[in-house]
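[1] sequence-free structure coming up:
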């Protein structure tokens, strides 16, 4: 059984925010790339449908651009939020600290 704990912090680092965004966006970008690789006309760039290897690379490029744009907005939001409040992070720990998690 896990124990819930709360930690207060003055803010999240820029690298942590970037990791969270990339982890969140990557499955969607990879899925679009794989579908494009298989010939599904799903990736569009400059009003042209892109499939095959170009579609895979284009979806990865779009993933990176969207991630960086979202990251920039989150950095600004994180900075503004932490001027007035702290961030509380709730996390779970195992009952026995020496117990391996599954």
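    Alright, I've got the coordinates. Worth saying up front: this structure is predicted, and the values here are computed from it rather than measured.
[2] tell me who's in contact with the most centrally placed residue in the chain.
    Per Cα atoms, centre = their mean, the C-alpha nearest to the average position across the chain is that of residue 21, at 2.0 Å. Residues near residue 21 by Cβ atoms under 8 Å, 6 or more residues apart in numbering: 67, 70, 71, 74. Where you see a C-beta, it was placed from the backbone N, CA and C, and this is true even at glycine.
[3] tell me which element the first one is part of?
    Put plainly, it is residue 67. Assigned by DSSP states H and E, residue 67 falls within helix 52-82.
[4] which strands and helices sit next to that helix?
    Contacts defined by 3 or more Cβ pairs under 8 Å, 6 or more residues apart in numbering; DSSP states H and E place helix 52-82 against helix 14-37, strand 43-45.
[5] any chance of the contacts of residue 21 in CSV, plus pLDDT and neighbour count?
    Formatted as CSV, the contacts of residue 21 follow (pLDDT from 0 to 100; neighbours: other Cβ atoms under 10 Å):
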residue, pLDDT, neighbour count
67, 94, 18
70, 95, 17
71, 95, 18
74, 94, 17
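[6] output the residues you listed as TSV; include the columns distance to residue 84.
    Converted to TSV, these look like this (distance: Cβ to Cβ, whole Å):
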residue	distance to residue 84
67	27
70	22
71	22
74	17
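[7] just those residues now: which is nearest residue 15?
    residue 71 (9.8 Å; Cβ to Cβ).
[8] wait, that closest one touches residue 16, no?
    No - if you go by Cβ atoms under 8 Å, residue 71 and residue 16 don't touch, sitting 10.5 Å apart.
[9] shared neighbours, those two?
    By Cβ under 8 Å, 6+ apart, residue 71 and residue 16 have no common neighbours.
[10] low pLDDT regions in the chain?
    For the chain, the stretches flagged by pLDDT under 70 are 1, 96-102.
[11] change it to 90
    1-12, 29, 32-33, 37, 39-48, 50, 55, 86-102 (pLDDT under 90).
[12] any idea which of the helices and strands packed on helix 52-82 gets closest to residue 5?
    helix 14-37 (18.0 Å).
[13] list the buried residues of the closest one.
    Neighbour counts over helix 14-37 (16 or more other Cβ atoms under 10 Å) mark 17, 18, 21, 22, 25, 29, 32, 33, 35, 36, 37 as buried.
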